[in-house]
Each structure stands twice: as C-alpha cells, then as structure tokens.
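A.B. asks: Any chance you can model this:
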Amino acid sequence: MFSVNRAAYKLAEKLCDDADEYRVTVTKTESGATMIDAGIQAKGGFSAGRIITEICMGGYGKAKILPKKYGDLELPAIFVQTDHPAIATLGSQLAGWQIKNGDFLAIGSGPARALALKPREIYDTIGYKDKADTAIIVLETNRKPSEELIRKIASECKVKSSKLLVILTPTTSICGSVQISGRSVETGTHKLTKLGLDPNVIDYAFGCAPIPPLHPKFADAMGRTNDAILYGGIVYCALHCKDDEKLKVMIDKTPSKVSRQYGKPFKETLKQADNDFYKIDPLLFAPAMLVVNNLETGTIFKAGEINVHMLKRSMGLDTR
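C.D. replies: Here you go, the predicted structure:
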C-alpha cells in the first residue's frame, strides 16, 4: 500500500541530514517534533524548494528546475511529473488544511493531510487514506507555530508529537515560491475533479510553471506565485474516458481563462475581493493551459494559453 508519509520521510531526511547544504535550519520543539525552517530566518534555496515540492507530493512525484522562455523573458521554471496523480496531488500536495490557532493562520499541505483526512471529501473521492506512524506537514507561513498547535496537528494525524515533522515555507521565500509554482499539476487535477472528472482515471501527469522573482511584501509575493500558475502554468495528462465529447466539455472549462476575473494580476483581484479568497471566482484557480491525451480513443485535447503579457505585468515589467 502506498504511504505518502513514509515515502516523503525519506526526502525529509535529506533536508535534515544536509541542512547546511540546503540552507535550512532544523530544530526540535518541546514535545520532540522536528521543525525545518526553510525561509523564515533560514535562506533556503532552489534545491531545498525542489525537495519540498516532492515532499508535498508525498514522495510520488519528481521535480526539476530548468530555464524556460516566456516570450522574450527567460525564467527559472519548475517541471513536475507523477505516475500517481490522484494520490500525489489531491491526496498530498493540495493546500487543503487551514491551520488556525489564536491569531496564527497557515495553509497546510503535504502527506500529513492523508492521516488527518483534510478535507475528508477529497479522500472519499480518491479512495485513499494513509497509515503511518510519522507525519509530515508543509506550512505556508512566516511564523513558527506554537507548541500547543504542534501537539494539536500531531493529534489530528494520530501520531506522537515526536513523530511529526513540520516544514515552514513563507510565500516571500525562495522555497515558498518554488513549491507554490510546483503545483501546476495539482491545480489542473483539482479543477478537473471539481468539474466532474474522476481523478482516479488520470494515469500520468506532467506540468510546469515559472518560478517568479521574489518580493519582500506578502501581498506582492502571493500575487506573483498565483499568477505563475494562472498565466504561466502548463499541465499535460493522460487519462481514460469513454466519452470524448463529455471530456472535451470539461477540458474547455478547465483553464484559468474561463473565469470572469481572468486578465488582471491576482494581487488586484484579491484586493477587489476585500482580501477574501471565498469571494474570488473559483474558476480562476487553474493552470493557464491544459493538454489531455485520452488513452481510450487516442484523441488529444488542448485548452487555454500562456499569457506572457500578464506574467510580465505581475512582475512589474509591463505596465500596460
């Protein structure tokens, strides 16, 4: 049986064993949990960000960072691939666990979700839950969680605190930017699932997105990382579907371009929504382009497009 926590733990050991090389800081909390700072005080880097991306995918996905051209602009881009799309993305990588404690708020992703079953409906859909005595959670935050919260997360995962590993990746950090851009396949799989596709029919998936330049302000950094997927994310997947026409309808509705809020930097969209994610059109959260190979018929579908103008505008290179 697949265990995303056991598979990811092998990757997490690399970060811990070679912390200096990856420019992360490893500490133990009062209750014995392992905490990896990958961007709050530690510098982190591309290499740590790549491994954290693979950890987010529960060890059942691979990531590489290579240069890619977007019009006349060349940027580092993260390429991800998985032969277990439903489990790696929805069952692990999806940022589906909202962590709250007092004034502390963070978005949780990674294999620990498959132990706590956050959110439960996702695991009912893919028919998966993990069994492991260790748990690994990745928190998108610029603050360290309290000891109380550490114990609460461990309890939700039904593991001892000493068996919990917490990785901290601020949005403003290079590790944060890398692991967010590494979610191209996740956003595509999640959008298709929302549109009615059974994610278990997806056999293989590949995706890439640019890693945007960093910004020290959270709102700007969050805007750039979201825009990297919305305007620069590409997803390819191979799946089984008996009905080409039904599949085409879903694929045509998948790219971010179908949203009524498409066409402006995400920072502006969020501001107009009073900084409330729930006021944003859910159709916007998707990759820019999708290519699908139906293995039942051999048909290839394409929808959406890369929007170089919006990528540049997001980074302040094009003010039109």
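A.B. asks: contacts, neighbours, all on C-alpha from now
C.D. replies: Fine.
A.B. asks: Return the set of buried residues in stretch 225-234.
C.D. replies: 225, 226, 227, 228, 229, 230, 231, 232, 233, 234 (16 or more other C-alpha atoms under 10 Å).
A.B. asks: Quick one: the helices in the chain, in order.
C.D. replies: When secondary structure is read from DSSP state H, the chain shows helices at 4-17, 19-22, 46-56, 85, 113-116, 120-126, 147-157, 174-181, 184-194, 218-232, 244-252, 266-272, 308-314.
A.B. asks: With distance to residue 298 and mean pLDDT added, can I get the ones you listed in JSON lines?
C.D. replies: Below are the helices of the chain laid out as JSON lines (distance: least, C-alpha to C-alpha, whole Å; pLDDT from 0 to 100):
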{"stretch": "helix 4-17", "distance to residue 298": "31", "mean pLDDT": "97"}
{"stretch": "helix 19-22", "distance to residue 298": "43", "mean pLDDT": "98"}
{"stretch": "helix 46-56", "distance to residue 298": "30", "mean pLDDT": "98"}
{"stretch": "helix 85", "distance to residue 298": "20", "mean pLDDT": "98"}
{"stretch": "helix 113-116", "distance to residue 298": "33", "mean pLDDT": "98"}
{"stretch": "helix 120-126", "distance to residue 298": "25", "mean pLDDT": "97"}
{"stretch": "helix 147-157", "distance to residue 298": "42", "mean pLDDT": "96"}
{"stretch": "helix 174-181", "distance to residue 298": "30", "mean pLDDT": "98"}
{"stretch": "helix 184-194", "distance to residue 298": "19", "mean pLDDT": "98"}
{"stretch": "helix 218-232", "distance to residue 298": "26", "mean pLDDT": "97"}
{"stretch": "helix 244-252", "distance to residue 298": "10", "mean pLDDT": "98"}
{"stretch": "helix 266-272", "distance to residue 298": "36", "mean pLDDT": "94"}
{"stretch": "helix 308-314", "distance to residue 298": "30", "mean pLDDT": "96"}
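A.B. asks: Adding distance to residue 101, write these out as JSON lines.
C.D. replies: Conversion of the helices of the chain to JSON lines gives the following (distance: least, C-alpha to C-alpha, whole Å):
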{"stretch": "helix 4-17", "distance to residue 101": "24"}
{"stretch": "helix 19-22", "distance to residue 101": "28"}
{"stretch": "helix 46-56", "distance to residue 101": "22"}
{"stretch": "helix 85", "distance to residue 101": "31"}
{"stretch": "helix 113-116", "distance to residue 101": "17"}
{"stretch": "helix 120-126", "distance to residue 101": "20"}
{"stretch": "helix 147-157", "distance to residue 101": "7"}
{"stretch": "helix 174-181", "distance to residue 101": "21"}
{"stretch": "helix 184-194", "distance to residue 101": "27"}
{"stretch": "helix 218-232", "distance to residue 101": "20"}
{"stretch": "helix 244-252", "distance to residue 101": "38"}
{"stretch": "helix 266-272", "distance to residue 101": "24"}
{"stretch": "helix 308-314", "distance to residue 101": "32"}
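A.B. asks: hmm, back to that, dump the buried residues of stretch 225-234 to a markdown table, plus distance to residue 102.
C.D. replies: Compiled in a markdown table, these are given as follows (distance: C-alpha to C-alpha, whole Å):
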| residue | distance to residue 102 |
| --- | --- |
| 225 | 27 |
| 226 | 27 |
| 227 | 30 |
| 228 | 31 |
| 229 | 31 |
| 230 | 32 |
| 231 | 35 |
| 232 | 36 |
| 233 | 35 |
| 234 | 38 |
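A.B. asks: quick one, phi/psi of residue 160?
C.D. replies: Here the main-chain torsion angles of residue 160 (degrees, to the nearest 10) amount to phi -70, psi 150.
A.B. asks: And for it, the neighbour number?
C.D. replies: By the other C-alpha atoms under 10 Å criterion, the neighbourhood of residue 160 contains 17 residues.
A.B. asks: if we can go back for a sec, which of the helices of the chain sits closest to residue 259?
C.D. replies: Nearest of those to residue 259, taken as C-alpha to C-alpha: helix 218-232 at 10.4 Å.
A.B. asks: Just give me the closest of the buried residues of stretch 225-234 to residue 260.
C.D. replies: Residue 260 lies nearest to residue 230 out of these, by C-alpha to C-alpha, at 13.1 Å.
A.B. asks: How about the contacts made by the spatially most central residue of the chain?
C.D. replies: Nearest to the mean C-alpha position of the chain, by C-alpha atoms, centre = their mean, lies residue 183 at 3.6 Å. Under the criterion of C-alpha atoms under 8 Å, 6 or more residues apart in numbering, the contact partners of residue 183 comprise 93, 229.
A.B. asks: Tally up the residues packed near the nearest residue to residue 163 once chain neighbours are set aside, please.
C.D. replies: Closest residue to residue 163 in three dimensions, ignoring its sequence neighbours and counting by C-alpha to C-alpha, 6 or more residues apart in numbering: residue 134, at 4.8 Å. Burial of residue 134 is recorded as 22 neighbouring residues (other C-alpha under 10 Å).
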